[in-house]
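Peer 1: Take this sequence and fold it.
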Amino acid sequence: MQSDVKALGKFSHPNLVKLLGYCWENGQFLLVYEYMQKGSLENHLFRKGLAPLPWETRLNIAKGEAQGHAFLHTTEKQVIYRDFKASKILLDGDFNAKLSDCGLAKLGPTNGNSHVTTSTIGTYGYVAPEYFATGLRVIDMNRSNNAHNLIEWARPFLPDKRKLNKIMDPRLENHYPSKAAFQAAKLILQCPESNPKNQPSMKEVLEALQQVNAIKMKPKGSKAGAKHTATATQHQQQDRHPPGNSQRYGHD
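Peer 2: Sure, this is the predicted structure:
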């Protein structure tokens, strides 16, 4: 564990919480990280009394997480984050996301060895960032039996635009671009593929999230406003040139 933390402590990236130090005493291992003003993503998603995160903020958090993971996956010693959940995503004063507690991560394969492990570590329910879109916990044994696993429960809704709004966080109050939400849903469906070859890399996830982020919500009444503008212009033209009266005015 100490050797892993020493190695992980050398990594530096804007989307990784800085490991300032560690201490091992009486069988207890203590990690000291930089202070993150806004706390964890888990608090903002689930703690009562905090204002709900807007759609744009959620996407920026997902992008920040993806950037952190992409960095870990492409370092010389690839790092596999094995205990990833909302409480491990910390937010600075501007809600920029950083991954924390990489001490529970696993250094990737070296010398031709496989990184695959059958050991259990951390909390049940490894989950990728995009799965938090609904505002529900990924694994919650307090829900009904068919909804313990949020991913499996949500899967039938994700490919259908008409059903997608049923699983969106109601605290968003529909303040998000439906097209962007559907693009995110398609990305979610790709990530849990059982065949790793069919799963997008974190670099591809990041690129997809950037495309989703580029889709902006249309202002309310934009079509009606355009129609009103066109009608007003037509009335102005009619006032200047009343139809059917040009000859009469000419004879006067």
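Peer 1: buried stuff in the strand or helix carrying E65?
Peer 2: Assigned by DSSP states H and E, E65 belongs to helix 55-74. Neighbour counts over helix 55-74 (16 or more other Cβ atoms under 10 Å) mark 55, 58-72 as buried. Any C-beta I mention is one placed from the backbone N, CA and C, and that applies to glycine too.
Peer 1: Stretch 18-36 too?
Peer 2: Across stretch 18-36, burial judged by 16+ other Cβ under 10 Å covers 19, 22, 31, 33, 36.
Peer 1: how long is it from one end to the other?
Peer 2: The first and final residues of stretch 18-36 sit 10 Å from each other (Cα to Cα, to the nearest Å).
Peer 1: what do you get for stretch 71-91?
Peer 2: Terminal residues of stretch 71-91 are spaced 18 Å apart (Cα to Cα).
Peer 1: Which stretches in the protein count as helices?
Peer 2: Using DSSP state H, the helices of the chain run over residues 2-8, 41-46, 55-74, 150-154, 161-164, 178-190, 202-213, 222-240, 246-251.
Peer 1: Which one of those helices has the poorest average confidence?
Peer 2: Mean pLDDT is lowest for helix 246-251 among the helices of the chain, at a mean of 42.
Peer 1: gap between P177 and V5?
Peer 2: 41 Å (Cβ to Cβ, to the nearest Å).
Peer 1: the more surrounded of those two?
Peer 2: Taking neighbours as other Cβ atoms under 10 Å, P177 and V5 compare with V5 leading, 19 against 16.
Peer 1: ok, so of the buried residues of helix 55-74, who is nearest N165?
Peer 2: Closest approach to N165 among these (Cβ to Cβ): W55, at 12.9 Å.
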